[in-house]
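Undergrad: build me a model:
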Amino acid sequence: MLHARNAGQGQAVLLLHAFPLNSRMWEPQVEAFRHRARLIAPDFPGFGLSGAPSSTPSLERYAQEVVALLDHLRVTNVVVVGLSMGGYVAFRLQAELGSRLYGLLLADTRPTADGEEAVAARHELAVEVESEGVEAAAQEFLPKLLGPTTMRTQPALIDKVRSIMLENTVAGVAGALRAMAARADVTSLLPRIRCPVICLAGEEDTVTPPDVVRAMAARIPGARAEIVPNAGHLTNLEAPEAFNDALAALLAIAAPA
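TA: As a prediction, the model looks like this:
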């Protein structure tokens, strides 16, 4: 069973973390919403306090383990928030959750698969992580995940993100890299989404640029795109107030009657 932070009462909100972080990245959202919602933030296998993967990791397996967690916690319906890799898993929860899925916040993520060059880079980094440790992934990803404004104005956040990255295991990080490299394109699933959806990106996100997120929103019935100024890829940490406003707006329209 995945380890998960589980705080608050009310509408269940599932928070799926980015790579190569863990559930601790959601502290600003847990603090802001714990008095009006139930925040459930799992660590994927080998991340945070979850044990190392017991089988070959895949995004589909991550989704199955998340559903098992929700079942264990007796969650009957849920709003899902997925950022980056968490968004990749969120796409795969649509079929797993069915009518239990009440809303989606897809942040700094994309439905498409990696190209050949990106696949090769992920496999190369996985080998490097296995030989040199998680620090190799931190060095590779930290400059990409935070926007220039954040790098210039929030030095404490840089240190925090790096410390979260280093809490994860070699098996978890290497496995996730290979799982992301193997993911399929799910663009064809977007028109089938029927719950309320907000697609969000940082204005300075170079990993998932705003135009990618706008295009994704355009394929989802009724979805809207929101671009967060002065933020890079980790919008929930770089601009927590704007991110929390988007989540509050989603909860207002997604909560069951």
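
Undergrad: where does pLDDT dip in the chain?
TA: Along the chain, segments meeting pLDDT under 70 span 255-257.

Undergrad: and the strands in it?
TA: 4-7, 11-16, 37-42, 78-83, 101-107, 197-202, 224-228 (DSSP state E).

Undergrad: for those, which one sits closest to residue 151?
TA: strand 197-202 (12.5 Å; C-beta to C-beta). C-beta coordinates here come from the backbone N, C-alpha and C atoms, glycine included.

Undergrad: and the angle from the closest one to strand 224-228?
TA: On the basis of axes from the mean of the first three to the mean of the last three C-alpha atoms, to 10 degrees, strand 197-202 is oriented at 20 degrees to strand 224-228.

Undergrad: quick one, helices of the stretch 51-200 of the chain?
TA: Applying DSSP state H, counting those that start in this stretch to the stretch 51-200 of the chain gives helices spanning 59-72, 85-97, 116-132, 135-145, 148-153, 155-165, 170-181.

Undergrad: export those to JSON lines and tack on mean neighbour count and distance to residue 41?
TA: Below are the helices of the stretch 51-200 of the chain laid out as JSON lines (neighbours: other C-beta atoms under 10 Å; distance: least, C-beta to C-beta, whole Å):
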{"stretch": "helix 59-72", "mean neighbour count": "18", "distance to residue 41": "11"}
{"stretch": "helix 85-97", "mean neighbour count": "23", "distance to residue 41": "10"}
{"stretch": "helix 116-132", "mean neighbour count": "15", "distance to residue 41": "23"}
{"stretch": "helix 135-145", "mean neighbour count": "17", "distance to residue 41": "18"}
{"stretch": "helix 148-153", "mean neighbour count": "15", "distance to residue 41": "21"}
{"stretch": "helix 155-165", "mean neighbour count": "15", "distance to residue 41": "12"}
{"stretch": "helix 170-181", "mean neighbour count": "22", "distance to residue 41": "16"}
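
Undergrad: now for those, which one comes closest to residue 226?
TA: Nearest to residue 226, of the helices of the stretch 51-200 of the chain and by C-beta to C-beta, is helix 85-97 at 14.3 Å.

Undergrad: wait, residue 11 touches residue 39, no?
TA: No: shown here, residue 11 and residue 39 do not form a contact pair, counting by C-beta atoms under 8 Å, at 9.9 Å.

Undergrad: nothing else from me, thank you.
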